[in-house]
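[1] show me how the following folds:
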Amino acid sequence: MNRAPEKPVFRFAPSPNGYLHLGHAYSALLNEHAAKAVGGRLLLRMEDIDYTRARPEFTDAIFDDLAWLGIAFEQPVLCQSHRFPAYAGALAALDRLGLLYPAFLSRSEIRGAISDKEKTGHVWPRDPDGAPHYPGLERDWSRQMRAERIATGAPYALRLDMRRALAGLEPLAWQELDLETGETTRVSAHPSGWGDVILARKDVPASYHLAVTLDDAYQGVTHVVRGADLEAATSVHRLLQVLLGLPAPLYHHHRLILDKEGRKLAKSAGSTALGDLREAGATPEEIRRSLGFAPRAAASVA
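    Coordinates of the predicted model:
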């Protein structure tokens, strides 16, 4: 882990599994705006853990789009695909604490287990994204039982035993920063609402939750400025910071850019890419103005 930075450190961390759209542009420009306002540093990180979806052409397009917008980032750019040993080390540390277990149920098996409970009138908990909590049937298996099942080659996910992870901890919270006033508000964290979250899979070295938490600490990030759709996930990140002895940055969860139907922009929804807007004749200045930023400049936020 790096030493405490002398200047505030911001980061923009896209996933190269598709082309950037206006929502990404807003987040990148807001990070640029906030970093300049406080004399801070601006980093770029490629969150390319998902090698089945991350592609070099998407990475190249991200660099092209950001350069076109006129956003400069410090070099070198960190790629999560270079950080696999660090993720493995963190998982080993959590395992030594007795907080991980391999979970083997498929999605259909999870639905079946939950359906049986709900038929008896039991209301099954769901996480902030609407996914049902994992039943945790393997939570108390012995290490020998786990090893024997893994040896069969069965697919599995490494899940955090949330109940054990929270045992004995004081209530968790994070500091939410108002970029305009510089004031912070204490926001209570509720990681239990996520159930036994996945931290890695048999063939994927880390989940978003684990990787982003470790990488923000490794890069000395002091200000995490990201979309409001990730605010609930911050509860999990605060818990991991406590469990792994990592520093807690300030957070700002910004508004989302919506389409004409009021839905958030998303790669999976086929939202118009910045490259398409550029080819249609849009200029960087027009994009900046449309998102509320001065062309090629940033006013003070504090």
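[2] switch to C-alpha atoms for all contacts and neighbour counts from now on
    Noted.
[3] what about the helices in the stretch 1-150 of the chain?
    All helices of the stretch 1-150 of the chain, identified by DSSP state H, counting those that start in this stretch, fall at 22-37, 56-69, 84-96, 107-118, 143-151.
[4] check the offset of the shortest one from the chain's centre.
    Same thing as helix 143-151. 30 Å (Cα atoms, centre = their mean, to the nearest Å).
[5] same thing with stretch 169-182?
    Relative to its chain's centre, stretch 169-182 lies at 17 Å (Cα atoms, centre = their mean).
[6] before we move on, what about stretch 184-196?
    Centre to centre, stretch against its chain (Cα atoms, centre = their mean), the figure for stretch 184-196 is 15 Å.
[7] how about that stretch: buried residues?
    The neighbour-count check on stretch 184-196 (16 or more other Cα atoms under 10 Å) flags 189-196 as buried.
[8] again, but for stretch 78-96
    Per 16+ other Cα under 10 Å, stretch 78-96 contains these buried residues: 78-80, 83, 86-87, 90-91, 94.
[9] dump those into JSON lines; add distance to Leu42 and pLDDT as well.
    Formatted as JSON lines, these follow (distance: Cα to Cα, whole Å; pLDDT from 0 to 100):
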{"residue": "Leu78", "distance to Leu42": "12", "pLDDT": "97"}
{"residue": "Cys79", "distance to Leu42": "15", "pLDDT": "97"}
{"residue": "Gln80", "distance to Leu42": "17", "pLDDT": "97"}
{"residue": "Arg83", "distance to Leu42": "20", "pLDDT": "97"}
{"residue": "Ala86", "distance to Leu42": "23", "pLDDT": "98"}
{"residue": "Tyr87", "distance to Leu42": "23", "pLDDT": "98"}
{"residue": "Ala90", "distance to Leu42": "26", "pLDDT": "98"}
{"residue": "Leu91", "distance to Leu42": "28", "pLDDT": "98"}
{"residue": "Leu94", "distance to Leu42": "31", "pLDDT": "98"}
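[10] what's the least confident helix or strand in the chain by mean pLDDT in contact with?
    Ranked by mean pLDDT, DSSP states H and E, the weakest helix or strand in the chain is helix 107-118, scoring a mean of 87. Under the contact criterion Cα atoms under 8 Å, 6 or more residues apart in numbering, helix 107-118 has outside partners 123-124, 132, 134-135.
[11] secondary structure element for Leu210, which one?
    Taking DSSP states H and E as the definition, Leu210 sits inside helix 208-218.
[12] what distance do you get for the residue lying closest to Pro205 once chain neighbours are set aside to Val204?
    Computed as Cα to Cα, 6 or more residues apart in numbering, the closest residue to Pro205 that is not its neighbour in sequence is Phe84, at 6.3 Å. Remark: distance between Phe84 and Val204 (Cα to Cα, to the nearest Å) = 10 Å.
[13] ok, now Ala173?
    Ala173 is 29 Å from Val204, by Cα to Cα.
[14] just to revisit the earlier point, just the CA atoms of the least confident helix or strand of the chain, as PDB, please.
    Listed next in PDB are the C-alpha coordinates belonging to helix 107-118 (Å, rounded to 0.1, in the frame of the first residue of the first chain):
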ATOM      1  CA  ARG A 107     -28.400 -19.600 -10.000                       C
ATOM      2  CA  SER A 108     -31.200 -22.100 -10.600                       C
ATOM      3  CA  GLU A 109     -30.400 -24.000  -7.500                       C
ATOM      4  CA  ILE A 110     -30.400 -20.700  -5.500                       C
ATOM      5  CA  ARG A 111     -33.900 -19.900  -6.900                       C
ATOM      6  CA  GLY A 112     -35.000 -23.400  -6.000                       C
ATOM      7  CA  ALA A 113     -33.800 -23.100  -2.400                       C
ATOM      8  CA  ILE A 114     -35.400 -19.700  -2.000                       C
ATOM      9  CA  SER A 115     -38.700 -20.800  -3.600                       C
ATOM     10  CA  ASP A 116     -39.000 -23.600  -1.000                       C
ATOM     11  CA  LYS A 117     -38.600 -21.100   1.800                       C
ATOM     12  CA  GLU A 118     -41.000 -18.600   0.300                       C
END
